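Chemist: how would this look folded up:
(4 chains)
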2 protein chains.
Amino acid sequence: MDAIHIRIGHNLQRVRKQRQLSLDKVADLTGVSKGMLHQIERGDTQPTVTTVWKIATGLHISFSALIKYDESTIAIVNPKEVPDITEDNGNCLVYLLFPFNPQTQIEIFTIVLKPKGNYVSTPHNEGVQEYITVVKGEFKIRVRDDEYTLPTGGAIQFEGNVTHKYMNDTDEDVTLQVVMHYPE
Amino acid sequence: MDAIHIRIGHNLQRVRKQRQLSLDKVADLTGVSKGMLHQIERGDTQPTVTTVWKIATGLHISFSALIKYDESTIAIVNPKEVPDITEDNGNCLVYLLFPFNPQTQIEIFTIVLKPKGNYVSTPHNEGVQEYITVVKGEFKIRVRDDEYTLPTGGAIQFEGNVTHKYMNDTDEDVTLQVVMHYPE
DNA sequence: CCCTTCCGTTTAGTATATTATACAAAAATA
DNA sequence: TATTTTTGTATAATATACTAAACGGAAGGG
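Modeler: Take a look at the predicted model:
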């Protein structure tokens, strides 16, 4: 996914071309200088929110229409390049596949629990949904005061605003696929 | 309605207070400096889209959540202060009550047609909906090739992407209430 | 009490967003 | 063809977003 100012540039140019408007005309409609519009379209600058707002207003389009990106574009993640965060002294590895995206409100990562590895999560905010799929191994989880044991292929979903603990009581690695969905 | 950077400031501070986070903590989460966050909350600055994006990402909230404004706030329009645009040599007066708002995608204005006044509108873009209510007088309108005559209290709705003409064939003023809704 | 830590605020320096002006090529007009 | 407009681009000057650092006050902790 492109950076936000790149998307804005593309969206702006697309709308402008669609309506067959010149930079001068758009400058006139929006009150943003022609030069600035040019730089925004080229992605040479990171416009101010007020500038983007003026463009949205002048062109009669929503803010979202300017910051949205084409869903059909494909994001490929190379396993080698995924940043990993270590917890519990190396007994819990977290690979952030897709960092939180304000567009979709979703965040996806893989967790590897080494034998006897633990991970305690502090409660998230109200309305956060957590979806866990066990990719490999036998997974034990405690949500609030209840414990569940899930085999490979098992899955669990719960509201994340309560303390929960991931556990691996076995002698083999446990791999999890975690999807977080944030409200609003 | 407040300017966008003011709303962002309020929304940011509200979320931060709700979650009981310090500026330092938010700076840590978002990668935006503490000083900048402070200025944004106070409305002293107009942040860059990338900065706002970083905040949305770090706090796991949507962009819209940051730019939205409390609907319960009231906007009062003083008739004396409404800007008016004159068309057709003063025979058509347009009063923009609520300029286009990217949030609601709506625009509202009042039109006064003097006796024998005309107003020809060039087609808008695809999907634009136009809602007209006749507040006073007898109103004639041509949409594409059809003509309609509406009495006081009458109303009409049509897709604005076609040429249409407002007419006042009477000897009295005609007052219209026009709501434009833009798609997306 | 002093010392530390954490909080919001301020400030000074720098990076850069934005504008106004100028430019060259293309399109239109005559 | 010569002339004028219109197009996107480039540049220089200015306004301002952003950071890092320091500040003073409040809240513990010994």
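Chemist: so which residues make contact with stretch A:39-53?
Modeler: A:3, A:5-6, A:8-10, A:12-13, A:16, A:32, A:36, A:55, A:63, A:66-67, B:3-5, B:8, B:46-50, B:52, B:67, B:102 (Cβ atoms under 8 Å, 6 or more residues apart in numbering or on different chains). Quick note: C-beta positions are derived from backbone N, CA and C, even for glycine.
Chemist: buried subset of those residues, written for PyMOL?
Modeler: Buried residues within the contacts of stretch A:39-53, by 16 or more other Cβ atoms under 10 Å in any protein chain shown, are selected in PyMOL with:
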select buried, (chain A and resi 5+8+9+10+12+13+16+32+36+55+63+66+67) or (chain B and resi 4+5+8+46+47+48+49+52+67+102)
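Chemist: quick one: which of the contacts of stretch A:39-53 sit in helices?
Modeler: Using DSSP state H, the members of those that fall within helices are A:5-6, A:8-10, A:12-13, A:16, A:36, A:55, A:63, A:66-67, B:4-5, B:8, B:49-50, B:52, B:67.
Chemist: could you list the low-confidence segments of chain A?
Modeler: Within chain A, the segments meeting pLDDT under 70 span A:70-83, A:87-88, A:124, A:184.
Chemist: go again using 50 as the cut-off
Modeler: Of all residues in chain A, none has pLDDT under 50.
Chemist: which residues of it lie near DNA strand D?
Modeler: A:22, A:23, A:24, A:25, A:34, A:35, A:38, A:41, A:42, A:46, A:48 (Cβ under 7 Å from any atom of the strand).
Chemist: the residues you listed in helices, which ones?
Modeler: A:23, A:24, A:25, A:34, A:35, A:38, A:41, A:42.
Chemist: for ChimeraX, what selects the buried ones among those?
Modeler: A single ChimeraX command selects the buried members of those (16+ other Cβ under 10 Å):
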select /A:23,38,41
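Chemist: pick out the most distant pair among the ones in helices among the residues of chain A next to DNA strand D.
Modeler: Farthest pair in these (Cβ to Cβ) is A:25 and A:42. Separation: 18.0 Å.
Chemist: then residue A:95 would be within a strand, right?
Modeler: Yes. Under DSSP: H, G, I helix; E, B strand; the rest coil, residue A:95 sits within a strand.
Chemist: state the distance from it to residue A:112.
Modeler: Noted for residue A:95: a distance of 8 Å to residue A:112, by Cβ to Cβ, to the nearest Å.
Chemist: and if you look at residue A:161?
Modeler: Noted for residue A:161: a distance of 25 Å to residue A:112, by Cβ to Cβ.
Chemist: residues from chain A in reach of DNA strand C?
Modeler: Residues of chain A that fall close to DNA strand C, judged by Cβ under 7 Å from any atom of the strand: A:31-36, A:39-40, A:44-48, A:50-51.
Chemist: any idea which of those is closest to DNA strand D?
Modeler: residue A:35 (3.4 Å; Cβ to the nearest atom of the strand).
Chemist: quick one: contacts for the closest one?
Modeler: Applying Cβ under 8 Å, 6+ apart, no residues contact residue A:35.
Chemist: who in chain A is up against chain B?
Modeler: Contacts of chain A with chain B, taken as Cβ under 8 Å from any Cβ of the partner chain, map to A:3-5, A:8, A:19, A:46-50, A:52-53, A:56-57, A:60-65, A:67, A:99-103, A:105, A:107, A:125, A:182, A:184.
Chemist: confirm that residue A:176 sits in a strand.
Modeler: Yes. Counting by three-state DSSP, residue A:176 is located in a strand.
Chemist: buried sites along stretch A:96-116?
Modeler: A:97, A:100-103, A:105-114.
Chemist: mark which of those are part of strands, please.
Modeler: Judged by DSSP state E, those include A:97, A:100, A:101, A:106, A:107, A:108, A:109, A:110, A:111, A:112, A:113 as members of strands.
Chemist: can you give me the end-to-end distance of stretch A:40-54?
Modeler: One end of stretch A:40-54 sits 13 Å from the other (Cα to Cα, to the nearest Å).
Chemist: now it: how far from the chain's centre is it?
Modeler: 22 Å (Cα atoms, centre = their mean, to the nearest Å).
Chemist: adding distance to residue A:177, write the ones in helices among the residues of chain A next to DNA strand D out as JSON lines.
Modeler: Listed next are those as JSON lines, based on distance: Cβ to Cβ, whole Å:
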{"residue": "A:23", "distance to residue A:177": "46"}
{"residue": "A:24", "distance to residue A:177": "51"}
{"residue": "A:25", "distance to residue A:177": "49"}
{"residue": "A:34", "distance to residue A:177": "49"}
{"residue": "A:35", "distance to residue A:177": "47"}
{"residue": "A:38", "distance to residue A:177": "44"}
{"residue": "A:41", "distance to residue A:177": "39"}
{"residue": "A:42", "distance to residue A:177": "39"}
